[in-house]
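Asks: Give me a model of this one.
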Amino acid sequence: MNTEYKEALNVWKEGLKLNEEDYHASTGFLSNSFIGDFQECEYSAIIEGALKQGGAFSQTYAIGHLVEAYIFEGEEGFLNMCERYKDKAYSKAKGKEDKLLKWVTDSKVWANQVLRHDYLKRLLRSESSIYHQVITFDLHGMKWRGEIDYLNLNKMTEIDLKTTKSNFKDRKYNPETRNYDITFIDEWDYHRQRALYQEGIKQTYDKLVTPRILGISKTTGSCKMFKFDDQERLDYELEQLKPVVDRFKAVLDGSEPEKCHVCPKCVEVEDLTMEVKTSSYCAKVY
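Replies: Here you go, the predicted structure:
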């Protein structure tokens, strides 16, 4: 295996390093997003998961935080979040405005789609609310990490805010059912994500909350609250994680990681000595 992969593997093996300021700067913890990456390409996920701890910057992540801060914590929290990202947003390129100005404008537009609903404004800014709290918990013999957007133990609810290009009526093709029935909830594995957060909150507070997603469509400006009301589905998602986690442990212990042969990391290490047999690659038409 090449040097980059070996170095990444060592980062994982060094153990847990929690950084509460930057979700992607913590190492050794599993998360829903990492599991998704690992299922796509084990080789790339091991490398990228280790490299993220070096502070990889995501503009989408920054804008999402600005929207959340404005909705959940008001102007003061929003300004604090702007201060956090101003250095990364500033651009000296001639003819280009300060990126932060555009981020502020866009995030306030999307946030105000939510805050125009008075009942949501009252709920999301109640005194018993908890915002942006980092939680760690155990599952299937590994440590996991998450960052709660909004939690209210009195109302037994947890809410994660998502900005999406979906208009909430979009459906993508599902090869398993051969129908167009994949929603944005399905596409991003949000059942699994919310199941993990529900479990983390249960371990932290000894409360079984109902997960919700507050979706904001960047296409139409529409807002929808999605309540994850199927507890059997959430429990099922946690059980389905076990073989994936076991496979991850095996890779850490030295098992050869599977490659997708499509992503940039895999393309970089292509081996032309591994010939592709056309007898198995091509369709049989004779």
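Asks: Hmm, Thr164 is touching Lys218, no?
Replies: Yes: in this structure, Thr164 is within contact of Lys218 by Cβ atoms under 8 Å, at 6.7 Å. Bear in mind the C-beta positions are built from the backbone N, C-alpha and C, glycine included.
Asks: for the lowest-mean-pLDDT helix or strand in the chain, packing partners?
Replies: Across the helices and strands of the chain, mean confidence by mean pLDDT, DSSP states H and E is lowest for helix 118-124: a mean of 79. Helix 118-124 is packed against helix 99-115, with contacts defined by 3 or more Cβ pairs under 8 Å, 6 or more residues apart in numbering; DSSP states H and E.
Asks: For the helix it packs on, list every residue counted as buried.
Replies: If you call a residue buried by 16 or more other Cβ atoms under 10 Å, then helix 99-115 has these buried ones: 99-100, 103-104, 107, 110-111, 113-115.
Asks: hang on, the earlier thing: which is the succeeding secondary structure element to the least confident helix or strand of the chain?
Replies: strand 130-139 (DSSP states H and E).
Asks: For the nearest residue to Asp170 once chain neighbours are set aside, which residues are in contact?
Replies: Closest residue to Asp170 apart from its sequence neighbours, by Cβ to Cβ, 6 or more residues apart in numbering: Phe184 at 6.7 Å. Counting by Cβ atoms under 8 Å, 6 or more residues apart in numbering, Phe184 touches 162, 164, 166, 168, 170, 190, 215.
Asks: okay, now the fifth one: neighbour count?
Replies: Just to be clear, that refers to Asp170. Residues lying near Asp170 (other Cβ atoms under 10 Å) number 15.
Asks: Please enumerate the helices of this structure.
Replies: 3-13, 32-40, 42-51, 59-89, 99-115, 118-124, 184-187, 190-205, 231-252, 264-268, 278-281 (DSSP state H).
Asks: In CSV, list those along with distance to Glu158.
Replies: CSV is the format used below for the helices of the chain (distance: least, Cβ to Cβ, whole Å):
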stretch, distance to Glu158
helix 3-13, 28
helix 32-40, 14
helix 42-51, 25
helix 59-89, 13
helix 99-115, 16
helix 118-124, 12
helix 184-187, 16
helix 190-205, 6
helix 231-252, 12
helix 264-268, 34
helix 278-281, 47
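Asks: how about these, which one is nearest Lys155?
Replies: Closest to Lys155 of these is helix 118-124 (Cβ to Cβ; 7.6 Å).
Asks: What lies in contact with that closest one?
Replies: 71-72, 114-115, 150, 152, 155, 159, 214, 223, 225.
Asks: same thing but 10 Å
Replies: 68, 71-74, 114-115, 117, 129, 131, 149-150, 152, 155, 157, 159, 161, 214, 223, 225 (Cβ atoms under 10 Å, 6 or more residues apart in numbering).
Asks: ok, of these, which come out buried?
Replies: Judged by 16+ other Cβ under 10 Å, buried ones among the contacts of helix 118-124: 68, 71-73, 114-115, 129, 131, 149-150, 152, 157, 159, 161, 214, 223.
Asks: Fine by me, we can end here.
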